[in-house]
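Asker: predicted structure and sequence below. I'll ask about it afterward.
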Amino acid sequence: MPSPRDDEHDHDHDHIEAWADARDAAARARAQRRAARGRRLGARFGRWGGGRDGAGASASGGSDGRGGAGASASGGSDGRGGAGGLLATRWGRSLAGAVGVLALVTVVGLAVWWPRGDDASQRPASAPTIAATVSAASEEDCPGPAGQRCRTIVVTIDEGTDKGDRERLALGPVAVAPTVEVGDGVRVQPVAGVAQEGSGAGSGGGAGSGGGAGSGGGAGSGGGAGSGGGAGSGGGAGAAGGGG
């Protein structure tokens with residue numbers, strides 16, 4: 001006949017077994033949750049095409065043997081895709097399209113704005129200059145509908161083969177043009193290819209002919225060569241105004 005002590009011992013043993021079973025069930029439930037989370041992460045990272053992300057998903061599910069294998073297989077199969085996996089998503093295709101459009105716009109912009117041809121107005125900074133003296137200065141309406149006033153000067157070349165020639169130079173709007181007066185010394189830069197025709201400088205502000213002013217050629221009120229100035233022989237190059 002069992003003693004009361006034996007009954008108490010059996011009761012404690014049953015209680016310990018029930019507690020162990022409950023603990024094992026909780027551990028199995030946690031392991032299953034970790035495995036499911038690892039599989040979800042592996043599938044998500046696999047869609048993004050990252051092989052390293054797939055490996056990370058495998059590591060997160062590696063604590064449970066049954067879930068780790070599934071996550072590793074999911075990440076590894078998509079990791080082989082690389083760039084193909086990225087282009088398989090809408091976000092990846094949008095990014096690739098934006099990069100392509102930007103590259104196309106850059107190429108078109110370079111082709112359109114790239115400087116071409118030999119522009120006489122684009123002279124190197126090292127081009128030689130010639131000494132000249134301001135013989136007349138005036139302000140007149142700028143060409144165009146802006147209604148601004150532009151400063152114009154007439155200079156007399158002081159050196160070189162064109163010494164004594166007079167050239168009319170447009171300095172630009174009064175607000176930004178340098179201020180010069182009659183008698184100021186300036187430096188001008190020859191411009192190759194300027195037409196050397198007609199008497200004196202024209203009203204449009206272009207360089208005048210190489211001929212010196214005629215006997216009646218004083219500076220007019222508009223700053224151009226005098227009305228009596230005939231075109232001289234041996235016309236020199238026109239001049240582009242430089243700073244004094």
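Answerer: Yes, it's here.

Asker: which one is Cys150 nearest to, not counting chain neighbours?
Answerer: Cys142 (4.0 Å; C-beta to C-beta, 6 or more residues apart in numbering). Just so you know, the C-beta spots here come from the backbone N, C-alpha and C atoms, and that holds for glycine as well.

Asker: Cys142 and Thr152 touch, don't they?
Answerer: No. Applying C-beta atoms under 8 Å, one finds Cys142 not in contact with Thr152, separated by 9.8 Å.

Asker: mind telling me what element Ala146 is part of?
Answerer: Ala146 belongs to no helix or strand when elements are defined using DSSP states H and E.

Asker: list phi and psi for it.
Answerer: phi -70, psi -30 (degrees, to the nearest 10).

Asker: what count of nearby residues applies to it?
Answerer: A count of nearby residues for Ala146, using other C-beta atoms under 10 Å, gives 10.

Asker: distance of it from Thr179?
Answerer: Using C-beta to C-beta, to the nearest Å, Ala146 is found at 20 Å from Thr179.

Asker: what does Thr156 give?
Answerer: Using C-beta to C-beta, we find Thr156 at a distance of 19 Å from Thr179.

Asker: domain ranges for this structure?
Answerer: Domain assignment of the chain by automatic domain parsing yields the ranges 4-79, 127-193+201-208+238-244.

Asker: show the average pLDDT along the longest one.
Answerer: Domain 127-193+201-208+238-244 shows an average pLDDT of 78 in the prediction.

Asker: quick check, Ala131 in a strand?
Answerer: Yes. Judged by DSSP: H, G, I helix; E, B strand; the rest coil, Ala131 forms part of a strand.

Asker: which one is it nearest to, not counting chain neighbours?
Answerer: In space, Ala131 comes closest to Asp158 once its chain neighbours are excluded; the distance is 4.4 Å by C-beta to C-beta, 6+ apart.

Asker: spit out the contact partners of that neighbour.
Answerer: By C-beta atoms under 8 Å, 6 or more residues apart in numbering, the contact set of Asp158 is Ile130, Ala131, Ala132, Thr133, Gly185.

Asker: of those residues, which is the most crowded?
Answerer: Ala132 (29 neighbours).

Asker: that residue: what's it in contact with?
Answerer: With contact taken as C-beta under 8 Å, 6+ apart, Ala132 is in contact with Val155, Thr156, Ile157, Asp158, Glu167, Gly185, Val186, Arg187, Val188, Ala239.

Asker: could you flag which of those are buried?
Answerer: Neighbour-count burial (16 or more other C-beta atoms under 10 Å) applied to these gives Val155, Thr156, Ile157, Glu167, Val186, Val188, Ala239.
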